[in-house]
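Participant: One predicted model, sequence on top.
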Amino acid sequence: MFISISTTGTAEHPATDLGFLLHKHPGKAQRFSTSHGEAHVFYPEASEQRCTAALLLDIDPIALVRRGRGKGRAGSPDFALSQYVNDRPYAASSLLAVALRTVFRTAMKGVCELRPGLAEQPRELTVLLPAVAVGGGEAAVEGSLVHRLLEPLGWRVTAAAIPLDEAFPDWGESRYQRLELTGTLLLSDALQQLYVLLPVLDGAKHYWVAPDEVDKLLAAGEGWLADHPERALIIRRYLHRRWSLANEALRRLELARLAEADDSEAEDLDNAVPQEPDLAPTQEDSEQQPAAEPESEPVADGPAPADAAEPAEKPVPLAQQRRTAIVEALRAAGAARVLDLGCGQGELVAALLKEKQITEVLGVDVSAGALAAAARKLRLEKLSERQAARVRLVQGALTYTDARLKGYDAAVLCEVIEHLDLPRLPALEYAVFGAANPATVIVTTPNAEYNVRWESLPAGRVRHADHRFEWSRAEFRAWAERVAAGYGYTAEFRPVGPDDPEVGPPTQLAVFHRGAQPTGRAAAEAHAPTPTSRITTTSPTAPTTSPTTTTPAPERSAPR
């Protein structure tokens, strides 16, 4: 099993710098032990103009059988001799990928302490693989698989099929190809790509694929896998078609992509639910949080009289009242296809699925954990085929335009906008009202004036630790009317919960109807940040502050 890596150079930048990058001296032949044989590194040529490093993997077939029994293609014989007579010692596969990582581990990290900065310089590289196993039983993709996987990464691919037997051309071609790859890129990137794609091309692994393979894949794929057009195919084949691991890798990859675009940490994005959420379906969300969580909103209908002779009727939780108000607004609008933006753990999605009028619900949330919890609570795997066709849960950030959100009758932002930093609200406004542009948009948010009615909520505190702001009725109306005018909507306002004559309802709801003509000035203002003079921002632990002092964070789900 053989691979060579070549590069060219000049007197100022000699090709023998390849030895520094690989941490292997061009004047020496070195040997390394692997779990299945011996790996030999040597340099067939080493001059200023051209340098080639070669890795020869000498497989021990007995060690392969002993270590691989029951694992991978070598351990699942169709007949007894296949354990000893197979292509494993000859065709590049996961065995060579593991050898690359063993021998060139430091080079794969892009580290070169002896020549600082050298590893950050792209080089013209030529990689030769005389025999690569391609296909792995998927005949439909074998012909183009090499090009589909390697060309999007910037490689120029020369692939030649190896015949089954040169003496008998009528027998046709084998599943093996001779590959020559040429491109200008970092050596560390080239090694990481080969480490992932060699077993992907083969479609098999010589060892059992455990959950830690997801971590290896994402580490090696950092910087290129997320944007690869065949990332789903790569993940599925690398993880040997273990669907649970593949789905986990796809979720984590999408979360990492969103975090990078948002200039934040993935852990900050995916914190909408506990690390170990309750696996059992819960009862209707009552928003009964611990006393330290003001978001509990424990009573929506006011406290019972102290001298009541009989127990008062159990109040309807505010979260349930919100969902009822949203469903009524959607029913009145005649919406059949609905977006639940920031769907959290799926409480509103469940309520929407009970409405016969609603034929499709798309739940969107940035948190993979919240989506997984929603899928469990909705029991998606147990729904009938007809019911399952009505609902989809997808991961996405609401501050970016998304083609998947177009074409729906209505969109709901239930207790979402207050989780965004104020400077990011215009991005959400454009993504929802401008790009998605549904006929109806429903927005609910806390009414900051009502906070004084809760004795458990200290003065100057917001209802939930993640709220970036809470608006008064005037501030919410001003924002809604500006957005409506800018994007061609009209806005109407409704109370949710007891409408206190002094401070209003605990939740304020706006229904936007598309149809008005956007004004030129308002259309321009809709793309500008909301003036801070019209916003009251309260920190969870401090009095009112300027929006500029708030730590940026993406939207998160809260109790719905």
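Facilitator: Looks like it arrived, so ask away. Residues are numbered from 1 along each chain as shown.

Participant: quick one: secondary structure of the nearest residue to Arg424 once chain neighbours are set aside?
Facilitator: Nearest residue to Arg424 in three dimensions, chain neighbours excluded: Thr399, at 5.4 Å (Cβ to Cβ, 6 or more residues apart in numbering). In short, each C-beta sits where N, CA and C put it, glycine included. Of the three states, Thr399 takes coil according to DSSP: H, G, I helix; E, B strand; the rest coil.

Participant: Would you agree Thr399 is in contact with Ala431?
Facilitator: Yes. With contact defined as Cβ atoms under 8 Å, Thr399 counts as touching Ala431 (6.2 Å).

Participant: Comparing these two, which residue is more hemmed in?
Facilitator: More crowded of Thr399 and Ala431, by other Cβ atoms under 10 Å: Thr399, with 22 against 19.

Participant: Can you give me every residue that contacts Ala159?
Facilitator: Counting by Cβ atoms under 8 Å, 6 or more residues apart in numbering, Ala159 makes contact with 146-147, 177-180.

Participant: again, only using 10 Å
Facilitator: Residues in contact with Ala159 (Cβ atoms under 10 Å, 6 or more residues apart in numbering) are 129, 132, 134, 143-147, 150, 177-181.

Participant: next one: His13
Facilitator: 7, 48, 118, 121, 123 are the contacts of His13 under Cβ under 10 Å, 6+ apart.

Participant: Now do the second one, the pLDDT please.
Facilitator: In other words, Glu48. pLDDT recorded at Glu48 is 92.

Participant: so the nearest residue to it once chain neighbours are set aside is in which element?
Facilitator: Once flanking residues are discounted, Glu48 sits nearest to Pro14: 4.1 Å by Cβ to Cβ, 6+ apart. Counting by DSSP states H and E, there is no helix or strand that carries Pro14.

Participant: Next, the contact list for Pro14, please.
Facilitator: Under the criterion of Cβ under 10 Å, 6+ apart, the neighbours of Pro14 are 7-8, 46-51.

Participant: Just the pLDDT at it, thanks.
Facilitator: Value for Pro14, per-residue pLDDT: 93.

Participant: ok, now Leu225?
Facilitator: Looking at Leu225, its pLDDT reads 89.

Participant: wait, what's in contact with it?
Facilitator: By Cβ under 10 Å, 6+ apart, the residues touching Leu225 are 153, 192-193, 196, 217-218, 231, 234-235, 238, 249, 253, 256-257.

Participant: my read is it is in a strand, agree?
Facilitator: No. With three-state DSSP as the criterion, Leu225 is coil rather than part of a strand.

Participant: CA-only coordinates of the host helix or strand of Ser174 in PDB, if you can.
Facilitator: Using DSSP H and E, Ser174 sits within strand 173-185. Taking Å, rounded to 0.1, in the frame of the first residue of the first chain, the C-alpha atoms of strand 173-185 are listed here in PDB:
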ATOM      1  CA  GLU A 173     -12.400  -2.800 -15.100                       C
ATOM      2  CA  SER A 174     -11.900  -3.400 -11.400                       C
ATOM      3  CA  ARG A 175     -13.200  -1.200  -8.500                       C
ATOM      4  CA  TYR A 176      -9.600   0.200  -8.100                       C
ATOM      5  CA  GLN A 177      -8.300   3.300  -9.600                       C
ATOM      6  CA  ARG A 178      -4.900   5.000  -9.900                       C
ATOM      7  CA  LEU A 179      -5.200   8.600  -8.700                       C
ATOM      8  CA  GLU A 180      -3.000  11.600  -9.200                       C
ATOM      9  CA  LEU A 181      -4.000  14.700  -7.300                       C
ATOM     10  CA  THR A 182      -2.500  18.100  -8.000                       C
ATOM     11  CA  GLY A 183      -3.400  21.300  -6.100                       C
ATOM     12  CA  THR A 184      -2.100  24.300  -4.200                       C
ATOM     13  CA  LEU A 185      -3.000  24.100  -0.600                       C
END
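
Participant: Report the central residue of the chain.
Facilitator: Taking Cα atoms, centre = their mean as the criterion, Glu254 is the residue nearest the geometric centre of the chain, at 1.5 Å.

Participant: Let me know the pLDDT of that one.
Facilitator: With respect to pLDDT, Glu254 scores 72.

Participant: That one reaches Gly396, doesn't it?
Facilitator: Yes. With contacts counted by Cβ atoms under 10 Å, Glu254 reaches Gly396, the gap being 8.3 Å.

Participant: before we move on, the earlier item: and the strand holding Ser174, how far out from the chain middle?
Facilitator: 31 Å (Cα atoms, centre = their mean, to the nearest Å).

Participant: same for it, what does it pack against?
Facilitator: Where contact means 3 or more Cβ pairs under 10 Å, 6 or more residues apart in numbering; DSSP states H and E, strand 173-185 is packed against strand 2-8, strand 123-133, helix 139-150, strand 156-163, helix 187-202.

Participant: Save these as TSV, and put in distance to Asp500 and mean pLDDT too.
Facilitator: Converted to TSV, the helices and strands packed on strand 173-185 look like this (distance: least, Cβ to Cβ, whole Å; pLDDT from 0 to 100):
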stretch	distance to Asp500	mean pLDDT
strand 2-8	73	95
strand 123-133	70	94
helix 139-150	62	72
strand 156-163	70	91
helix 187-202	60	93
